[in-house]
Structure formats: C-alpha cells, structure tokens
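[1] Okay, predicted coordinates and the sequence, questions at the end:
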Amino acid sequence: MTHDYRAELNSEQYEAVSSIEGPVLIIAGAGSGKTRVITFRISYMLDSGIPQSQILALTFTNKAAREMAERVKELTGKKLQMLTVSTFHAFGVRILREDITRLGWRENFSIYDDVDRNQLIKDTGRELGFTAEALDVYKIGNLFSQVKTGMRHWGDGANDQYQKLFEEYQSGLKLYNAVDFDDLIILPIKLFKEHPDVLEKYRSRYAYIMVDEFQDTSLQQYEFMRLMAGRNVCVVGDDDQSIYSWRGANYENIRMFEHDFPGLKEIKLEQNYRSTETILAAANGVIANNTNRKVKALWSGNGSGKPIEIYIPENETAEADFVAEMIQTIRMNEKRRYADFGVLIRSNTLGRAIEESFLESNIPYIMSGGTSFFQRKEIKDVISYLRVIANPDDDINLLRIINTPRRGIGRKTIEDVSAVASGQKCSLWTAINALIAAADSPVSEKTKIDLSVFVEFINDKRSTMLSGKDLSVKVKKLVDEIDYWSYLVQEYQKNEKAARYKFLNIDSLINSISTWEKDPDNFKKSLYDYLNRITLITRDDMEEDEDKGKVNLMTIHASKGLEFPVVFIIGAEDGIIPHARSMEEGEGNIEEERRLFYVAITRARDKLFISSCQKRRKMGGVVECAPSPFLQEIPEKLVEYHEPAEALETAEALDVLAAMKARFI
C-alpha cells in the first residue's frame with residue numbers, strides 16, 4: 001500500500017517522516033499527531049526499501065507498543081512479523097533471554113514484580129536480623145530501585161544501614177534465578193559493556209532506532225539506547241510533558257542527545273489537532289512560566305471553543321456532586337457517552353468523594369491504578385501451589401512456595417538444590433528428589449526430612465487434584481493444610497485486620513473457582529483448564545473493551561497520552577497541585593508540577609472544568625484551602641468562574657479568589 005505522504009501530512013510532519021538518515025530530534029507538542037508521525041515514518045522507511053528486521057521502535061507501555069504496531073500494519077497493509085515494536089523493558093527481556101547466561105543466570109529466569117521483590121527483601125532482612133520496625137519493605141524497595149537506577153548512592157550516610165541488605169537481596173535474586181524490573185534495563189547495559197560481541201550483534205541487527213516519549217527516558221534507558229544506536233536514530237518527545245522524575249525520568253536527556261549525536265536535525269510539531277484554541281491558549285499561558293524548556297507555541301485550527309470553567313465549591317462533597325451533575329447534564333444535552341469524560345486527580349486519595357458521588361448517581365466509572373486481584377501476594381501464593389501441583393518442573397512457582405509458609409527450607413538448602421539442578425541440567429523438582437535419595441547428600445538429615453515432607457505433600461495433592469471434580473473444595477483444603485492463616489498472622493503481627501483482609505481475598509478466589517465450576521457452559525473443569533484461564537485473564541489488556549462505556553477517573557500521571565472531549569481537573573489547590581512536597585524541594589520540582597498541570601489541561605478536546613475547594617478534609621480535620629497559583633497563570637479572558645448555584649461575574653470571582661488567597665499571606 002503506497003501513500004502520498006506530502007498530501008496526508010502537514011509540512012513539519014512530512015519533514016519528520018521523510019528524514020530517515022542520521023540523528024533526528026522531533027519535538028512533538030501535545031496533540032500534534034505524534035503517533036501518526038511515528039507510524040508514517042516506519043511506513044516511509046519500509047517504502048524506501050529498509051528491511052523491517054532492521055527497524056526497532058521503543059516506547060513505554062505495552063498498550064502504546066500494541067497500538068503502534070497495529071497502526072503500522074493498517075497503514076502498510078503488511079503483516080510485519082519481523083518489525084520490532086517494544087517497550088524498553090520487554091526489549092530488555094528479549095536480550096536477557098538470549099544472553100543472560102553470560103552474566104551467571106540460567107536461561108529460564110523469572111521476573112519479580114513488586115510483590116515478589118518485597119517478599120525477598122522481607123525474608124532477607126529477617127535472615128540478617130533486621131527488626132520488623134526497620135523493614136519498611138515499600139521504602140526499602142524504592143531505595144533499592146533508586147540505587148540501581150543511579151538516582152541514589154551508598155555512602156551518603158542516610159540509608160547506609162541497608163547496604164548489606166541490598167547486597168544480600170542481589171545475591172538472593174541470583175540464587176532464585178530471578179531479576180527485578182530495574183534489572184531489565186541494568187543487566188542488558190552490563191551485557192553490552194562486558195561482552196562487546198553481544199552489543200555488536202544488536203547494533204548490526206537494528207540499523208534504525210526510534211524512541212517514543214523520549215522525555216520520559218531515564219539515564220539508564222538513554223544509555224541503553226545510546227550504546228545500541230548508530231547514526232540513524234530518531235527520538236520523539238516533548239520536554240513540556242516530562243512528569244516522571246520521581247521514577248528516574250530525565251528530560252535533560254534531550255540535551256544529552258543533542259551533545260552525543262552532533263549534526264542532528266531538530267523538527268518541531270506545533271499544530272495541535274486535539275484541543276480548541278481556548279484550551280491551548282490556557283496551556284501555553286501556564287507552561288510559558290517554566291524557564292528550563294524548549295520554546296514552542298502550540299496552535300489549533302479547531303476554533304476558539306468554550307471558555308474554561310473554574311468552580312470554587314465549599315468542600316470535596318460539593319465538588320464531587322458538581323462533577324456528577326455536570327456529567328449527567330452534558331451527557332443528556334450533548335448526547336455524549338460516559339467514556340467521553342475524563343476526571344483527573346493529583347493523587348488517588350482525592351478520588352474517594354468522587355467515587356461515592358458516582359455510585360450515588362449511578363454513573364459507571366473505571367479508576368485507573370491499583371493492584372490487580374491476581375497480582376496480590378496471597379493469591380499468587382495459592383495459584384503457585386496449583387501450578388506446581390499441575391507441573392512440578394515449574395521452577396519459578398516451585399521457588400515461590402517451597403518455603404511459603406515456612407517449612408525449614410532456607411537459603412542454604414535452595415543453594416544446594418540449585419547446584420544439583422545446574423550440574424545435572426534438570427529441574428529443581430528432580431534435583432530435590434535426587435538429594436533426598438542420595439546416600440552422600442550435601443544436606444542434613446533434618447533437611448532431607450523437610451524436603452521429603454514437601455515432596456509428599458505435592459505428590460498427594462497431585463493424585464487428588466488432577467482427578468475428579470470439586471476443585472474449589474480441594475483448593476480450600478489445601479489452604480487449610482498449609483495453614484496459610486497462621487502464616488498471614490505471623491507476617492502481619494501488628495495488623496490482624498490486614499491478615500484477615502488477605503485471607504478474605506483467598507476466600508474470594510475459592511468462591512470464583514466454585515462459580516467457574518458451576519457454569520453450565522463450562523465443559524472442561526480440570527485444574528489445567530482453570531490455570532489456562534487464569535493465564536489468559538491476567539494479561540494486561542484484560543477487560544479493556546468493557547471499560548469503554550465508563551467515565552475515566554484517574555491520576556494526571558495515568559492520563560498522559562490520552563484525550564477526552566470533556567475533562568474535569570479536581571483539587572486545583574495550593575499544596576495539592578503544586579504538591580506541598582514539591583514546594584519544599586525547590587524550583588525544579590515546581591516546574592515539574594507545572595508540566596503536570598499542563599498535561600492535565602491538554603487532555604481536553606472540547607471542554608475543560610477546573611475545581612478548587614474552599615475547604616477540604618485532611619488527616620481527620622477540615623483545613624482551609626487556597627487556589628493553586630497555576631490558576632492565576634491562565635489568561636483571564638479564557639475563564640468563567642462559577643459558584644455552586646450560579647455563574648459569577650469574572651470580577652466578582654476574582655474577588656473571591658483574592659479573599660481566599662489573602663487568608664494565607
């Protein structure tokens with residue numbers, strides 16, 4: 001399928017699409033057709049005779065990668081099995097699957113998510129004698145991630161007591177033949193630097209590299225790309241939308257790219273196809289107050305549109321009711337769908353009042369974020385037992401359950417088992433049985449007994465669970481036999497409520513198995529069938545289609561890359577946006593908060609509402625609130641102010657704002 005690229009693109013887009021040789025920096029403003037440019041650029045490369053196998057496109061989310069691949073297929077009419085469109089982390093996995101043995105891991109390594117990582121930190125900390133009070137696994141996990149990604153360093157004294165724990169955590173990962181999320185970038189870089197032949201393999205394989213959302217790359221992701229890239233590298237981003245410094249993103253990478261790839265071509269995309277002129281003028285007015293940025297001025301051909309409406313409710317209940325009422329009113333008057341509305345909040349805690357109002361008003365909604373049911377540790381533990389019962393040679397799940405709950409099989413035993421598995425090139429299950437049977441086994445008699453009890457338990461469950469029916473009853477019996485409740489009580493000694501909540505989750509799992517078994521349309525009810533079903537529903541695109549008829553309630557961070565005809569920005573108050581913490585941390589953080597507000601504004605296509613409460617509940621009390629200083633940066637002529645009942649004259653509304661602010665001077 002050939003294209004008349006000049007006719008289908010504006011002049012700047014065409015230049016970005018057709019500049020395929022040498023380094024290229026594309027500054028793509030919000031709503032400027034960035035994804036269109038990237039997909040057309042890949043199509044242009046293919047039309048120019050570049051083999052698809054030589055093209056690598058990197059982005060940040062699985063959803064973005066899928067959408068990009070699908071759009072290129074639609075555009076070209078080709079299947080494109082050899083084209084690589086991937087997230088950074090998924091591409092890191094691909095590299096490690098080929099060559100991780102060079103770094104001392106076995107091929108079938110597992111990838112630890114936050115739940116697994118936190119459990120390893122907790123177990124390792126206990127072995128090192130850390131008290132329960134000193135083991136805040138969430139904070140320690142973040143610290144370890146910052147150390148791995150170069151954001152923090154040992155030796156500053158503040159957290160050095162955790163250095164030994166970090167080293168043991170690292171050796172624990174290797175022992176369990178596991179990597180964590182940060183390793184998916186760090187280890188490929190290590191491979192490239194220590195094994196030049198591996199780097200050369202990828203440099204010769206991918207002669208053309210493209211990176212989407214470049215402003216969100218971390219220093220490590222930049223290094224990853226820089227090592228692989230030849231001269232034909234194109235990065236696409238917008239420094240005004242860099243909002244992830246807290247997880248390592250570094251918008252300065254744009255400047256580093258300019259330094260590391262001399263002679264690059266810079267192209268700016270400034271025509272916005274998403275928003276009205278009013279919304280864009282508001283966004284431009286706000287972001288112009290940032291000093292550390294590439295100057296650009298978005299413009300729109302979509303007409304001036306409606307004014308931005310700022311609402312000053314008494315409290316968060318009135319705010320939530322206003323949002324619900326406006327959604328119902330606009331939906332009826334303008335024949336809109338619920339999915340046309342986006343409600344954006346600075347943090348998840350601001351969502352509670354909104355959710356309650358939506359439930360009262362029967363407004364269907366989806367809230368982005370939170371942990372999937374099947375990713376909760378207690379659920380993963382039970383499912384891991386089921387996977388090992390179905391297939392004892394599943395090393396990954398066997399390592400998860402062999403000492404959960406504790407049965408005296410510690411790190412030393414796992415080292416011995418792993419050594420046998422490596423030496424005999426067999427599964428851990430086979431190695432355990434070999435150690436039990438061996439006359440000159442390196443493990444003690446007590447350990448042999450502990451391992452034998454575990455093997456007998458799994459074999460006994462295999463004989464009962466792989467035959468007959470009533471799987472849910474058998475799973476309940478398994479949970480009782482391993483005494484998982486006592487394990488939870490031990491894990492949450494100071495919070496029995498948390499233990500009870502987690503045990504109720506296991507009850508929910510058992511009930512869901514029972515419902516699945518009783519479904520008359522379900523003809524296959526074996527353990528294998530159930531596990532196949534679990535594998536399918538835990539994919540990250542689960543239930544995507546079902547959410548298309550719901551209001552989108554989400555954090556501003558989660559909204560990046562999305563757009564909605566009607567947007568509400570909730571809680572535009574000083575201390576919320578900008579966040580109080582950012583004001584303590586200096587000018588750079590204020591600028592990031594302003595970029596966050598800019599991202600929120602530019603999600604709106606046709607209509608934007610912003611609310612700023614006069615009072616808000618906080619920490620059990622009610623506090624007076626001042627409007628966000630960012631509201632003053634929106635040009636006055638673009639705004640209408642509202643009180644709960646009726647529209648205010650602009651002058652009167654400004655008096656209200658001034659009076660509110662005066663209380664805080």
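    The structure has been received and is ready for your questions. Residues are numbered from 1 along each chain as shown.
[2] Can you give the contact residues for stretch 134-151?
    Residues outside stretch 134-151 that contact it (C-beta atoms under 8 Å, 6 or more residues apart in numbering) are 114, 117-119, 121-122, 125-126, 152-154, 159, 161-162, 165-166, 169, 180-183, 185-186, 218-220, 248. Yep, even glycine has a C-beta here, placed from its N, CA and C like the rest.
[3] what about 7 Å?
    For stretch 134-151, the surrounding residues in contact (C-beta atoms under 7 Å, 6 or more residues apart in numbering) are 114, 117-118, 121-122, 125, 152-154, 159, 162, 166, 169, 182, 186, 218-220, 248.
[4] same deal with stretch 376-390?
    Residues contacting stretch 376-390 (C-beta under 7 Å, 6+ apart): 115, 119, 373, 394, 397-398, 400-401, 404, 458, 461-462, 465, 475, 478-479, 502, 505-506, 509, 527-528, 531, 534.
[5] Any of these buried? List them.
    Applying 16 or more other C-beta atoms under 10 Å to the contacts of stretch 376-390, the neighbour count classes 115, 119, 394, 397-398, 400-401, 404, 458, 461-462, 465, 475, 478-479, 502, 505-506, 509, 527, 531, 534 as buried.
[6] Show me the shaky parts of the stretch 551-665 of the chain.
    For the stretch 551-665 of the chain, the stretches with pLDDT under 70 are 583-588, 619-620, 643-665.
[7] List the buried residues for stretch 306-314?
    Quick answer for stretch 306-314 (16+ other C-beta under 10 Å): 307-313.
[8] could I get the residues you listed as JSON lines with distance to residue 321, pLDDT and secondary structure?
    Shown next, in JSON lines, are the buried residues of stretch 306-314 (distance: C-beta to C-beta, whole Å; pLDDT from 0 to 100; DSSP: H, G, I helix; E, B strand; the rest coil):
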{"residue": "307", "distance to residue 321": "22", "pLDDT": "94", "secondary structure": "coil"}
{"residue": "308", "distance to residue 321": "20", "pLDDT": "96", "secondary structure": "strand"}
{"residue": "309", "distance to residue 321": "16", "pLDDT": "95", "secondary structure": "strand"}
{"residue": "310", "distance to residue 321": "17", "pLDDT": "96", "secondary structure": "strand"}
{"residue": "311", "distance to residue 321": "11", "pLDDT": "95", "secondary structure": "strand"}
{"residue": "312", "distance to residue 321": "14", "pLDDT": "94", "secondary structure": "coil"}
{"residue": "313", "distance to residue 321": "8", "pLDDT": "94", "secondary structure": "coil"}
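[9] Name the nearest of those residues relative to residue 600.
    residue 308 (11.7 Å; C-beta to C-beta).
[10] Can you classify the residue lying closest to that closest one once chain neighbours are set aside by secondary structure?
    Of all residues not flanking residue 308 in the chain, residue 608 sits nearest, at 4.8 Å (C-beta to C-beta, 6 or more residues apart in numbering). When classified by DSSP: H, G, I helix; E, B strand; the rest coil, residue 608 comes out as strand.
[11] In this structure residue 608 contacts residue 279, no?
    Yes. Contact criterion C-beta atoms under 7 Å: residue 608 and residue 279 qualify, at 5.6 Å.
[12] Stretch 289-300: end-to-end distance?
    21 Å (C-alpha to C-alpha, to the nearest Å).
[13] Can you point out the buried residues in it?
    290, 293-294, 296, 298, 300.
[14] Looking at these, which are in strands?
    residue 300 (DSSP state E).
[15] Looking at the buried residues of stretch 289-300, which one is closest to residue 624?
    Nearest to residue 624 among the buried residues of stretch 289-300, with distances taken as C-beta to C-beta, is residue 290, at 28.4 Å.
[16] distance of the closest one from residue 214?
    18 Å (C-beta to C-beta, to the nearest Å).
[17] Tell me where the stretch 1-150 of the chain has strands.
    24-28, 55-59, 84-87, 110-112 (DSSP state E, counting those that start in this stretch).
[18] Dump those strands into JSON lines; add mean neighbour count, mean pLDDT and distance to residue 77 as well.
    JSON lines is the format used below for the strands of the stretch 1-150 of the chain (neighbours: other C-beta atoms under 10 Å; pLDDT from 0 to 100; distance: least, C-beta to C-beta, whole Å):
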{"stretch": "strand 24-28", "mean neighbour count": "25", "mean pLDDT": "95", "distance to residue 77": "25"}
{"stretch": "strand 55-59", "mean neighbour count": "25", "mean pLDDT": "94", "distance to residue 77": "17"}
{"stretch": "strand 84-87", "mean neighbour count": "21", "mean pLDDT": "92", "distance to residue 77": "17"}
{"stretch": "strand 110-112", "mean neighbour count": "17", "mean pLDDT": "88", "distance to residue 77": "35"}
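[19] so which of those strands comes closest to residue 349?
    Among those, strand 110-112 sits nearest to residue 349 (C-beta to C-beta), with 27.8 Å.
[20] what residues does the closest one touch?
    The contact list for strand 110-112, computed with C-beta under 7 Å, 6+ apart, reads 120, 177-180, 396.
[21] again with stretch 358-365
    Outside stretch 358-365, the residues touching it (C-beta under 7 Å, 6+ apart) are 324, 327-328, 338, 549-551, 553.
[22] Out of those, name the ones that lie in strands.
    551, 553.
[23] Okay, and the beta partners of residue 608?
    Beta-bridge partners of residue 608, counted by DSSP bridges, are residue 567.
[24] Contact partners for it?
    Counting by C-beta under 7 Å, 6+ apart, the residues that residue 608 touches are 279, 308, 567, 601.
[25] I'd like to know how many residues surround the residue lying closest to residue 340 once chain neighbours are set aside.
    Closest residue in space to residue 340, ignoring its immediate chain neighbours: residue 565 at 4.4 Å, by C-beta to C-beta, 6+ apart. Neighbour count of residue 565, defined by other C-beta atoms under 10 Å: 16.
[26] and if you look at the one 5 residues further on?
    If you count neighbours by other C-beta under 10 Å, residue 570 ends up with 29.
[27] same deal with residue 164?
    13.
[28] Give the full set of residues in contact with it.
    residue 128.
[29] how near is it to residue 134?
    In terms of C-beta to C-beta, residue 164 sits 12 Å off from residue 134.
[30] Which helix in this protein has the most residues?
    For the chain, the longest helix by residue count, based on DSSP state H, is helix 496-518.
[31] What are the buried residues along that helix?
    Those buried within helix 496-518 under the rule 16+ other C-beta under 10 Å are 499, 502-503, 505-506, 509-510, 513.
[32] Leaving out sequence neighbours, find the closest residue to residue 607.
    Using C-beta to C-beta, 6+ apart, the closest residue to residue 607 is residue 566 (4.7 Å).
[33] Determine the number of other residues adjacent to that neighbour.
    21.
[34] hang on, it packs against residue 340?
    Yes. With contact defined as C-beta under 7 Å, residue 566 reaches residue 340; the gap is 5.9 Å.
[35] quick check, distance from stretch 68-88 to the centre of its chain.
    Its chain's average C-alpha position is 22 Å from that of stretch 68-88, according to C-alpha atoms, centre = their mean, to the nearest Å.
[36] In PDB, list the C-alpha atoms belonging to stretch 450-459.
    Presented in PDB, the C-alpha positions along stretch 450-459 are these (Å, rounded to 0.1, in the frame of the first residue of the first chain):
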ATOM      1  CA  ASP A 450      11.800 -31.300  55.400                       C
ATOM      2  CA  LEU A 451      12.200 -31.800  51.600                       C
ATOM      3  CA  SER A 452      10.600 -35.200  51.800                       C
ATOM      4  CA  VAL A 453       7.500 -33.700  53.600                       C
ATOM      5  CA  PHE A 454       7.200 -31.100  50.800                       C
ATOM      6  CA  VAL A 455       7.600 -33.700  48.000                       C
ATOM      7  CA  GLU A 456       5.000 -36.000  49.700                       C
ATOM      8  CA  PHE A 457       2.600 -33.100  50.100                       C
ATOM      9  CA  ILE A 458       2.800 -32.100  46.400                       C
ATOM     10  CA  ASN A 459       2.500 -35.700  45.200                       C
END
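[37] could you say which helix or strand contains residue 641?
    In this assignment (DSSP states H and E), residue 641 forms part of strand 639-642.
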